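Trainee: Predicted model, plus sequence, below.
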Amino acid sequence: MEFSDYKIHIVASNNFKDKLVAYIEELHNVSELIDKKEDAYLILKAKFEKEIERLRAVDRPIPKPGSGKATFTFAANEKIQNLRPFIDEFWQKILGTSFSSSLISNESDLTSWEHYLTGGKNELIEKVKNEYGIDIKKIYDLPIHEVLATIKNAASKKQD
């Protein structure tokens, strides 16, 4: 199955003024807040490829185009939970919200939370640098538990 076989849905966001939500109904991980309809194809294509790779890696079936709403399966999150209470602090200081309001798995990455900051990725990187003294630019796209563990370790060393 190819990305072009799936229909992209675009709707107004209920939570963010002037934002749209673009998604592929059959693949719940293939969704994103966007500014313009024209952004949907490129943004979702990358997420689609990542999701197909993930489904294959965990030996899950790939939903057929037009098969309807995705069934939810939750990825493990023990690596994230092992970072508590640091992750609670990070969420509050950097994203300005509560970690408990977020659905995060071991497979999540920071791009899913860029929209919490007006300046997106660049602002997030800068806030981490200012708060924890570490530049995460080179590791930004790694799974979130790896990025946060690196930040936590750097913060611990800084305190010593």
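Mentor: Yes, it's here.
Trainee: Can you find the helix or strand of the chain with the lowest average pLDDT?
Mentor: The helix or strand of the chain with the poorest confidence is strand 27-34; it has a mean of 86 (mean pLDDT, DSSP states H and E).
Trainee: Can you tell me the strand partners of that strand and which way each runs?
Mentor: Sheet pairing for strand 27-34, assigned by DSSP bridges, gives strand 20-24 (antiparallel).
Trainee: Check what contacts the strand it pairs with and list those residues.
Mentor: Here strand 20-24 makes contact (CB atoms under 8 Å, 6 or more residues apart in numbering) with 6-13, 30-37, 39-40, 43-44, 48. For every residue, glycine as well, the C-beta is placed using N, CA and C.
Trainee: Mind doing that once more with 6 Å?
Mentor: 6, 8, 9, 10, 11, 13, 30, 31, 32, 34, 40, 44 (CB atoms under 6 Å, 6 or more residues apart in numbering).
Trainee: now, which of those residues sits nearest residue 135?
Mentor: Closest approach to residue 135 among the contacts of strand 20-24 (CB to CB): residue 32, at 25.5 Å.
Trainee: Centre-most residue in this protein?
Mentor: residue 112 (2.5 Å; CA atoms, centre = their mean).
Trainee: on that earlier part again, buried residues in the least confident helix or strand of the chain?
Mentor: 27, 29, 30, 31, 32, 33, 34 (16 or more other CB atoms under 10 Å).
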